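Asker: I need the structure of the sequence given here:
(4 chains)
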Number of protein chains: 2
Amino acid sequence: MANIQQIAKRAGVSVATVSRVLNKSTTVSPKTRNKVEVAIKELNYEPSMLGRNLRNSESRLLLVLLPNIANPFYTEIINGIQDTAIARDYNILLCETDSKPERENIYFNMVKNKLADGVISMDPTVNMQKLNELAEHYPVILCSEYEENGDIPYITVDSELAAYQAVKHLIKLGNEKIALITSDEKYLYARLRRAGYERALEEFNIPIREEWIYHTKGLEFQYGVHAMRILLQQEIEPTAVFAISDTLAIGALKAINMEARDQEPIAVVGFDNISFASMTNPTLTTISQPMYTMGCRATEMLLSRIKKEKVENIVLDHELIIRESTML
Amino acid sequence: MANIQQIAKRAGVSVATVSRVLNKSTTVSPKTRNKVEVAIKELNYEPSMLGRNLRNSESRLLLVLLPNIANPFYTEIINGIQDTAIARDYNILLCETDSKPERENIYFNMVKNKLADGVISMDPTVNMQKLNELAEHYPVILCSEYEENGDIPYITVDSELAAYQAVKHLIKLGNEKIALITSDEKYLYARLRRAGYERALEEFNIPIREEWIYHTKGLEFQYGVHAMRILLQQEIEPTAVFAISDTLAIGALKAINMEARDQEPIAVVGFDNISFASMTNPTLTTISQPMYTMGCRATEMLLSRIKKEKVENIVLDHELIIRESTML
DNA sequence: CTGAAAGCGCTAACAA
DNA sequence: TTGTTAGCGCTTTCAG
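Answerer: Numbering: from 1, shown residues only, chains lettered A, B, ... in the order given. Sure, this is the predicted structure:
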């Protein structure tokens, strides 16, 4: 493992010149450049990022915070982040918190310890107070989940509007008994989607019934199954369900299938348009978020922040994707 | 952003002593230690990993190579890797190649450039020649996909045996017309699973029919849908299908559902036991791999290699999970 | 266009 | 138990 000194020696130049060649500086004569390049080849030299990073006091690593990598919602966003980062010579450190505060501390320390140059948080369960403190000194962007009137720049979609449209779609189909499967309302996205649900019902003068609103403990499939089972046991059975995440909606679909009911089918709408959503039976009507784009833009925002530039919050467009689960 | 010098000055000690406190060396008197800790608190000091890493010539980052983060098969393995790495004060760099060789080069360079201390490759599409070259100088472990008689240590399951058992299960159920949905046979796992399929058929004197063996271009759902459509168009329709991945099997299930057939149901077996496999309709019979454990052990192997220790290859146990798709 | 030299922040060998 | 000091590998200023 050669270092820059050895290359300099071999090429008969100074380390400064080798560094200039490495960094594609134009102020090197072709002849010298060639000598250096030959030496690099001969010794199989690979410059150490460790030295470079220390010198430049940057790591060129971006920390991406998410609760759980298993939720397919995140995968497309991550693709966007990754592609954008790589194109700019950065790399990403994917950090799952599993909603555990200890984990969060480890990751925040990585930023403070200069192991990462900035953070994109997609974690609704993050401790916002700590994140705000971190954001006072280090570049931070919120992606998808954000804080209203907070100081951290964010990129998101209009959850309230999307939920409103989803529920309105169910109403237009003739449903009046519409249940909501949502998660803990300590999360902003859950509150907003519930608000959209309620706005649609109110607009059509449909009363809101608490027994049709179920709060899950998580977003995994099985919570959706459980929620739907409970809803199917209500005195008056809903004829349609809006779930605030595709994973929950798919679980609900499963629960409905398992009942082997001979009544009218129950219409289901999800949220996110994960890839499974077109593999279920019936296929799932859902809200599509531009996840890849969201990842790209979030990364651009973060890189701007790292360069101390100002950034504006972004609200991206969504779309209602109508499939079989509301067509039966 | 204070550095170690400033702490030393403030505490009235040398930088060496501060370093000793940071690294929990025992040879520091309680009184001195206290002075240092106070200074650290007062100045809000966070040690820089950049300096430490250069000095120790390590990055404490592990590179995890995979083709595509969207395949849920990888998520549990990644959880295992991540948990084990964090417990040992390492972190992981998740690298998606998207089966693009350029990407691969970028990632391999990260190792050569000391940005990562080692590699766990789960990427069947990786250029094995290049990976072998890398492994001559840097710690590398293969996880899941491996190379027979290669020099790189690996951890995997017995794909041939698992496939054999899966197909035998279909035969025992009375199926003789069993199709295979597999991927490109340039991948070892595909060749092994096909071998297991053929061994089971041969054992029961069932002829192997090439028209019932379909090779997909990828592992995404839609390839499974497409494959099954083709298989359903064969002159003689198979009564059962073994797919070498759950994602393909789920696609096959979808294609079968879409046909709205009134014939006998077609039995389906997948491979991996991804979480979605119990959400499909019918739920999917599949081979369960101990994915989390695989990730943990792979990481332990890699950390051993980084410490220049010898490691043994590992073959983990699998299990056939019987669900509705073979019970109808 | 090139070289000498300082220094990024840290650890560890050696000395006291 | 603590301090002095060299040096990890690189970039960049300044001088030539």
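Asker: how distant is stretch A:75-93 from the center of its chain?
Answerer: Computed by Cα atoms, centre = their mean, to the nearest Å, the separation of stretch A:75-93 from the middle of its chain amounts to 12 Å.
Asker: go on, stretch A:122-142?
Answerer: Between the mean C-alpha location of stretch A:122-142 and the chain-wide mean there is a distance of 14 Å, by Cα atoms, centre = their mean.
Asker: any residue of that stretch up close to DNA strand C?
Answerer: No: on the criterion Cβ under 7 Å from any atom of the strand, stretch A:122-142 is out of touch with DNA strand C, staying 14.2 Å away. Backbone N, C-alpha and C define where each C-beta goes, glycine included.
Asker: hmm, who's touching that stretch?
Answerer: Under the criterion Cβ atoms under 8 Å, 6 or more residues apart in numbering or on different chains, residues A:64-67, A:74, A:77, A:97, A:99, A:101, A:104, A:108, A:111-112, A:117-121, A:143-145, A:147, A:150-156, A:187-189, A:298, A:301-302, A:305-306, A:311 lie in contact with stretch A:122-142.
Asker: What residues sit buried inside that stretch?
Answerer: Using 16 or more other Cβ atoms under 10 Å in any protein chain shown as the burial criterion, the residues of stretch A:122-142 that qualify are A:122-126, A:128, A:131, A:134-135, A:138-142.
Asker: Rebuild those as JSON lines, extending it with distance to A:Ala227 and secondary structure.
Answerer: Output for these, formatted as JSON lines (distance: Cβ to Cβ, whole Å; DSSP: H, G, I helix; E, B strand; the rest coil):
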{"residue": "A:Met122", "distance to A:Ala227": "23", "secondary structure": "coil"}
{"residue": "A:Asp123", "distance to A:Ala227": "22", "secondary structure": "coil"}
{"residue": "A:Pro124", "distance to A:Ala227": "18", "secondary structure": "coil"}
{"residue": "A:Thr125", "distance to A:Ala227": "19", "secondary structure": "coil"}
{"residue": "A:Val126", "distance to A:Ala227": "24", "secondary structure": "coil"}
{"residue": "A:Met128", "distance to A:Ala227": "26", "secondary structure": "helix"}
{"residue": "A:Leu131", "distance to A:Ala227": "29", "secondary structure": "helix"}
{"residue": "A:Leu134", "distance to A:Ala227": "34", "secondary structure": "helix"}
{"residue": "A:Ala135", "distance to A:Ala227": "34", "secondary structure": "helix"}
{"residue": "A:Tyr138", "distance to A:Ala227": "38", "secondary structure": "coil"}
{"residue": "A:Pro139", "distance to A:Ala227": "38", "secondary structure": "coil"}
{"residue": "A:Val140", "distance to A:Ala227": "33", "secondary structure": "strand"}
{"residue": "A:Ile141", "distance to A:Ala227": "32", "secondary structure": "strand"}
{"residue": "A:Leu142", "distance to A:Ala227": "27", "secondary structure": "strand"}
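Asker: Now for A:Met294: which residues touch it?
Answerer: Residues counted as contacts of A:Met294 (Cβ under 8 Å, 6+ apart) are A:Ile77, A:Gly80, A:Cys143, A:Ser144, A:Ile155, A:Thr156, A:Val157, A:Leu316.
Asker: Which pLDDT value goes with the closest residue to DNA strand D within the stretch 201-328 of chain A?
Answerer: Nearest to DNA strand D in the stretch 201-328 of chain A, going by Cβ to the nearest atom of the strand, is A:Lys307, at a distance of 14.3 Å. According to the prediction, A:Lys307 has pLDDT 94.
Asker: Which two among the buried residues of stretch A:122-142 are spaced furthest apart?
Answerer: Greatest spacing in these, by Cβ to Cβ: A:Thr125 and A:Pro139 (21.2 Å).
Asker: Just the ones in helices from the contacts of stretch A:122-142, please.
Answerer: Counted as lying in helices by DSSP state H, out of the contacts of stretch A:122-142, are A:74, A:77, A:101, A:104, A:108, A:111-112, A:188-189, A:298, A:301-302, A:305-306.
Asker: ok, of the residues you listed, which one's closest to B:Leu231?
Answerer: B:Leu231 has its nearest neighbour among the ones in helices among the contacts of stretch A:122-142 in A:Tyr74, at 33.3 Å by Cβ to Cβ.
Asker: per-residue pLDDT, that closest one?
Answerer: pLDDT, A:Tyr74: 94.
Asker: Looks like it contacts A:Leu66 (just checking).
Answerer: Yes: contact criterion Cβ atoms under 8 Å: A:Tyr74 and A:Leu66 qualify, at 5.2 Å.
Asker: Show me the helices in chain A, by range?
Answerer: Under the criterion DSSP H, helices of chain A are mapped to A:4-11, A:15-22, A:30-43, A:49-56, A:73-87, A:101-112, A:128-137, A:159-172, A:188-203, A:221-232, A:246-259, A:291-306.
Asker: what inclination does the second one have with respect to helix A:30-43?
Answerer: Angle, helix A:15-22 to helix A:30-43, by axes from the mean of the first three to the mean of the last three Cα atoms, to 10 degrees: 90 degrees.
Asker: so does helix A:15-22 get close to chain B?
Answerer: No: Helix A:15-22 lies out of reach of chain B by Cβ under 8 Å from any Cβ of the partner chain, never closer than 11.1 Å.
Asker: That helix vs DNA strand D: in contact?
Answerer: Yes: applying Cβ under 7 Å from any atom of the strand, one finds helix A:15-22 in contact with DNA strand D at A:Val15, A:Ala16, A:Val18, A:Ser19, A:Arg20, A:Leu22.
Asker: Run through the residues that contact the closest residue to the fifth one other than its chain neighbours.
Answerer: Spatially, and ignoring its direct neighbours in sequence, A:Arg20 is nearest to A:Val28 (5.0 Å; Cβ to Cβ, 6 or more residues apart in numbering or on different chains). Contacts here follow Cβ under 8 Å, 6+ apart; on that basis A:Val28 touches A:Thr17, A:Arg20, A:Val21, A:Val36.
Asker: what's the burial count for the third one?
Answerer: Using other Cβ atoms under 10 Å in any protein chain shown, the number of residues around A:Val21 comes to 20.
Asker: which residues touch the residue lying closest to A:Ile181 once chain neighbours are set aside?
Answerer: Nearest residue to A:Ile181 in three dimensions, chain neighbours excluded: A:Ala243, at 4.1 Å (Cβ to Cβ, 6+ apart). With contacts defined as Cβ under 8 Å, 6+ apart, the neighbours of A:Ala243 are A:Leu180, A:Ile181, A:Thr182, A:Gly224, A:Ala227, A:Ala249, A:Gly251, A:Ala252, A:Val268, A:Val269, A:Gly270, A:Phe271.
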